[in-house]
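>>> The sequence and its predicted three-dimensional model are supplied below.
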Amino acid sequence: MTFFLNVLISFFCMSSPAAEFPEFSFEESRQVPIVYFELVFDGGVVQDPPNQQGLTQLSSQLFLKGTKDKTSKAFHSALNQLGGHLEVDVKSEGVLLEGVVLAEHVPEFLNLIEELLMHPRLDLKDFQQLQKEIQSAILERKTNDRVNAQIHFEKAFFGDHPYGHPEHGTIKGLNRISFADAKQRAQAIFNPKRMRLFGSGDADQNQIKMWFNRVSTQSTNASSIPLKPIAAPEAQQGKRIILIDKPNATQSQILLGGRSLRPEDPGFYPILLSNHAFGGGNFQSRLMQELRVKRGWTYGAFNQFQNGKHRKYFQLYVFPKTHDTLPSIQLMIELLNQWKQSGISKEEFAFSQKSLIKNAPFQFDTAKKRLQNLTLEYLKNYPVGFYRNIAENMQAVRFESVQPSLSQYLNVDDLTLVVLGDAKKLRNALKALPGFQLISEKNYLDE
Amino acid sequence: MCMRKIFVLLSCLLFVQCSHLSSIKQKEESSVFNGLRVQRATLHNGLKVLLLEDHSAPIFSFQTWYNVGSKDEEPGLTGLAHLFEHMMFKETAHFKDGEFDRLLEEAGAEGQNAFTSRDYTGYVQSLPISALELVMKLESDRMVNLIVNENALQKEREVVHNERRFRNENNPDGKMYEMLYEAAFPNHPYHWPVIGYSEDLDRVNSQECHAFYRKFYAPNNATLVIVGDINPDATLQQIEKHYVHLKPSVIQRTPKTTSLPQSTKRELRLSIKSPVEKLMVAYPIPSVHHADLPALEVLRTITTVGKSSLLHERLVEAGIATEVDSENEEKKEPSLFVFFVNLQKNQKAQKALKVINSTIQEFQKGKLKPAWIQQAIAMHRLNFLDDFGSTAKKARFLGFYETVAGNFERGFELLEKMKTIQPQDLQRVAQRYFNPKQSIIIIGSPEKAMARNAQ
């Protein structure tokens, strides 16, 4: 029954809110004389074939390497001379071309973007160079414990589902990508006919719209690669531990997570509000109070809900010294269970509700933030105006709905725990953690 | 009798008015950019105030910048300035432990934070405009009424130890940076890391914290910066109400050496937990006050900012590095210009170093294109405007330059002076400051086992 319900909800998520999003949106704002652009293309890392993880990243970086008439340096120099720049941001379910430029040079800037869209360089030498560069970047990222732990967490949490694909790909996956693969994928991703434009700044909306209407109807040599529909991930069963060994580490990264909720799910807003009291990052939250303030075990302690077009995860994050790793995990589990079973107090509720409502204007106080909100709403398939309506939705939550929502909808029976630290000192204690099973151990340099 | 009462009443009003006027020692207004006007005031107790109106949203950013940092510490008690920054969120004579955070969070605070550097310590938050009175009450209170509790100090010491593990001990970049400053400043307080050494953190007690607080946390050592939906005159009156009675401190700073960082080449290797090599190359440069800062910043942009920069082309696109960056460290005293490079797999730091040196030599020989300078200026203008879209970043810009350079105008002056930079200026600073014989080089080499794994 649950499976069919999930399929129905997945179908609903794929077919509904995205269709309501405009293809073009531009907010005129004269506050500062610059203009921001987000050119949004559907797809993203989830479209990587399982044996070619990194294809979207490599193709997208390749696309940005200039045009038929301009090398990468010449192209980016032309942008920079206008007081502008263009970057590509590869997300889980979309690829963004993010541009910013001084207001007086918008027309020339758009001309350069058009030149890129219509006549990308897509050069073999650039491909070969990028392949090595990204592989080395993957290696370098292993020096950042937080980033490394997060990559392992997503892989463990999602299993074979594409949400577990790392954004830069894998070294093996990149080795399997040919120049032809990357070229074809780049052209397919950045097809102007599939482009959405969201922007804001000191420019005339009508002129931007004219440019968009003209460019988005032009054809390129792109062969169409249909997007694979991505089903909702299935929850991993049970309570599992993955240990990532970093020998002699003096500090552990602890990530503990379960299935998230989305705005359309019953209980979402009561749980979101109560999460502010539980682990919302402020110093009054339970996680901060218990783990940092009272015990000094960690510099930070948070719980956040993450979503894509489907539900992703909620994730508790704490980073204590090695000696305090087990007590920290035990306390995190205890607090999580307490939260689910008993909810939050009336005082905590009142405090969180008031804080969230008063803080809400900061979600959209600049044109740049409002632009970023729209992009996020699109990528996550959230209702348009989700961030703007936070205050209203928080206001509507009743205290009486919090504990029942947590009890009914927050799943703490199926959890993934990733610990990156000194395995020699942690292994035995983790094996003995009640209710959990240590299912794998890797070295922190492993893929 | 009636006339006498009126006379007394008028006298009182006049006294209040004079008192009101006399608490402000100085007040002036500067026009800075795009029609924006910064009002500067100084109270008689030495408190500096910078106010900038921004009515784009009903919010404001409130920042308190103290003219104290790790450079004001003594050897053996390093990390005190930063540890004390943590203590500033604890109980005061008027507010219980945790109330500071709770009240501001309940009022909708955004970006509530604090930071310590070698030269300054800052406390920042943004709030809805209705909370202006509240934040002044809290900030003025903790400026002088903090209670340094040994139990709270013990807990925060542990938190700082964890922060050190996160930023330094388990982070190759942090370890290399710490080594760089130790090598560059052998006889100067910039030598030790802001976060301090573990053994020193364990040594600090509440009496030492309290003495540090009394000495450096006072109105005459602070600048308030408020940017947002404010009425400057009304805001100034509120500031006076909360701050005017605070007493200044007598601050005697131990004279420190003011010579340039060490001036002989040093190359040091550090074994790091990384599968690839990392490189930091630093050159001594003058303080933020020096006339050469604009040229140094233009040089930095040309060499490392963006995909069209020289070192991106010569290191990243050439397959030597995955990333190259640089920092032109603006400080009160002579400091460092640093290049940072992450090498690609199987590439050596020495190769990157040769490329950096040859690029610098081109500058020294005057092989420069005016178009590079124009491009750098355009990029700077873009970055500046991007920052100026936010009240918090505007406030940070003003607070930084007021505290480090002595006046916020210096920040705008640097931007203006960049527009006048010519190729010969870049040649001159390249010759003067980028001498390989005065460089400090830190190479992070993978631990042996790691190097084998990466093959």
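Looks like it came in fine.

>>> Name the next helix or strand downstream of whatever helix or strand A:Phe351 lives in, please.
A:Phe351 is part of helix A:346-359 when elements are defined by DSSP states H and E. On the C-terminal side of helix A:346-359, the nearest following helix or strand under DSSP H and E is helix A:367-380.

>>> On the three-state scheme, A:His168 is what?
Under the three-state scheme (DSSP: H, G, I helix; E, B strand; the rest coil), A:His168 adopts coil.

>>> right, and it touches A:Leu55 too?
No. Counting by C-beta atoms under 8 Å, no contact exists between A:His168 and A:Leu55, whose distance comes to 11.2 Å. Where you see a C-beta, it was placed from the backbone N, CA and C, and this is true even at glycine.

>>> Tell me where the model's unsure across chain A.
Counting by pLDDT under 70, the ranges of chain A that qualify are A:1-19.

>>> From the geometric centre of it, which residue sits farthest away?
For chain A, the C-alpha farthest from the mean C-alpha position belongs to A:Asp69; by C-alpha atoms, centre = their mean, that distance is 34.6 Å.

>>> Tell me the secondary structure of that residue, please.
The three-state assignment at A:Asp69 reads coil, by three-state DSSP.

>>> I'd say it and A:His119 touch.
Yes. Look at A:Asp69 against A:His119 with C-beta under 8 Å: they come within range, at 7.3 Å.

>>> list the residues that contact both of these two?
Contact criterion C-beta atoms under 8 Å, 6 or more residues apart in numbering or on different chains; no residue bridges A:Asp69 and A:His119 by contacting each.

>>> and the helix or strand where A:Gln207 lies, which residues are buried?
Assigned by DSSP H and E, A:Gln207 falls within helix A:205-215. When neighbours are counted by 16 or more other C-beta atoms under 10 Å in any protein chain shown, the buried residues of helix A:205-215 are found to be A:Ile208, A:Trp211, A:Phe212, A:Val215.

>>> between those, which is closest to chain B?
Ranked by distance to chain B (C-beta to the nearest C-beta), the buried residues of helix A:205-215 are led by A:Ile208 at 18.3 Å.

>>> Now that closest one: closest residue in space, sequence neighbours ignored.
Closest residue to A:Ile208 in three dimensions, ignoring its sequence neighbours and counting by C-beta to C-beta, 6 or more residues apart in numbering or on different chains: A:Phe26, at 5.0 Å.

>>> before we move on, what about A:Leu122?
With sequence-adjacent residues excluded and distances taken as C-beta to C-beta, 6+ apart, A:Leu122 is closest to A:Lys183, at 4.9 Å.

>>> list the contacts for that neighbour?
Residues A:Ser59, A:Leu62, A:Leu122, A:Phe127 are the ones in contact with A:Lys183 under the rule C-beta under 8 Å, 6+ apart.

>>> Name the member of the residues you listed with the most neighbours.
Of all those, the highest neighbour tally under other C-beta atoms under 10 Å in any protein chain shown goes to A:Ser59, namely 28 neighbours.

>>> now it, what's its secondary structure?
Bear in mind the rule, three-state DSSP; under it A:Ser59 is helix.

>>> one step back: so which bits of the helix holding A:Phe351 are buried?
Neighbour-count burial for helix A:346-359, with 16+ other C-beta under 10 Å as criterion, is recorded at A:Glu348, A:Phe349, A:Phe351, A:Ser352, A:Gln353, A:Ser355, A:Leu356, A:Ile357, A:Lys358, A:Asn359.

>>> Now these in TSV, please, with extra columns for distance to A:His161.
TSV is the format used below for the buried residues of helix A:346-359 (distance: C-beta to C-beta, whole Å):
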residue	distance to A:His161
A:Glu348	35
A:Phe349	35
A:Phe351	37
A:Ser352	32
A:Gln353	35
A:Ser355	35
A:Leu356	31
A:Ile357	36
A:Lys358	38
A:Asn359	33
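
>>> What about chain B: which of these touch it?
By C-beta under 8 Å from any C-beta of the partner chain, the members of those lying near chain B are A:Phe351, A:Ser355, A:Ile357, A:Lys358, A:Asn359.

>>> For B:Gly389, report the pLDDT, please.
For B:Gly389, the pLDDT comes out at 85.

>>> Contact partners for it?
Here B:Gly389 is in contact with A:Gln31, A:Val32, A:Ile34, A:Thr366, A:Ala367, A:Lys368 (criterion: C-beta under 8 Å, 6+ apart).

>>> Next, the closest residue to the fourth one other than its chain neighbours: secondary structure please.
This means A:Thr366. Once flanking residues are discounted, A:Thr366 sits nearest to B:Gly389: 5.3 Å by C-beta to C-beta, 6+ apart. Secondary structure, three-state DSSP: B:Gly389 is coil.

>>> ok, which stretches of the stretch 151-300 of chain A are strands?
Listed in chain order, the strands of the stretch 151-300 of chain A (DSSP state E, counting those that start in this stretch) span A:195-201, A:239-245, A:253-259, A:298-307.

>>> need these in JSON lines with distance to A:Tyr378 and mean neighbour count, can you?
As requested, those are exported to JSON lines (distance: least, C-beta to C-beta, whole Å; neighbours: other C-beta atoms under 10 Å in any protein chain shown):
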{"stretch": "strand A:195-201", "distance to A:Tyr378": "7", "mean neighbour count": "23"}
{"stretch": "strand A:239-245", "distance to A:Tyr378": "32", "mean neighbour count": "21"}
{"stretch": "strand A:253-259", "distance to A:Tyr378": "23", "mean neighbour count": "24"}
{"stretch": "strand A:298-307", "distance to A:Tyr378": "13", "mean neighbour count": "20"}
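
>>> Indicate which one of these is closest to A:Asp48.
For A:Asp48, the closest of the strands of the stretch 151-300 of chain A is strand A:298-307, at 19.3 Å, according to C-beta to C-beta.

>>> neighbours of the nearest residue to B:Tyr213 once chain neighbours are set aside, just the number please.
Taking C-beta to C-beta, 6+ apart as the measure, B:Tyr213 lies nearest to B:Leu146, with 6.1 Å between them; neighbours along the chain are not counted. As a burial measure, B:Leu146 scores 23 neighbours (other C-beta under 10 Å).

>>> For B:Leu146, list each beta-bridge partner.
In this structure, B:Leu146 bridges to B:Thr92 when assessed by DSSP bridges.

>>> That one reaches B:Thr92, doesn't it?
Yes. Counting by C-beta under 8 Å, a contact exists between B:Leu146 and B:Thr92, whose distance comes to 5.3 Å.

>>> quick one: the helices in the stretch 151-300 of chain B?
B:172-184, B:198-203, B:206-216, B:232-243, B:293-304 (DSSP state H, counting those that start in this stretch).

>>> Need the contact partners of the first one.
Looking back up the chat, that one is helix B:172-184. Applying C-beta under 8 Å, 6+ apart, the contact partners of helix B:172-184 are A:143, B:167-169, B:190-193, B:261-262, B:266, B:268, B:270, B:272-274, B:278, B:280, B:282, B:284, B:336, B:338, B:340, B:440, B:442, B:444.

>>> buried subset of the residues you listed?
So, by 16+ other C-beta under 10 Å, the buried ones in those are A:143, B:167-169, B:190-193, B:261-262, B:270, B:272-274, B:278, B:280, B:282, B:284, B:336, B:338, B:340, B:440, B:442, B:444.
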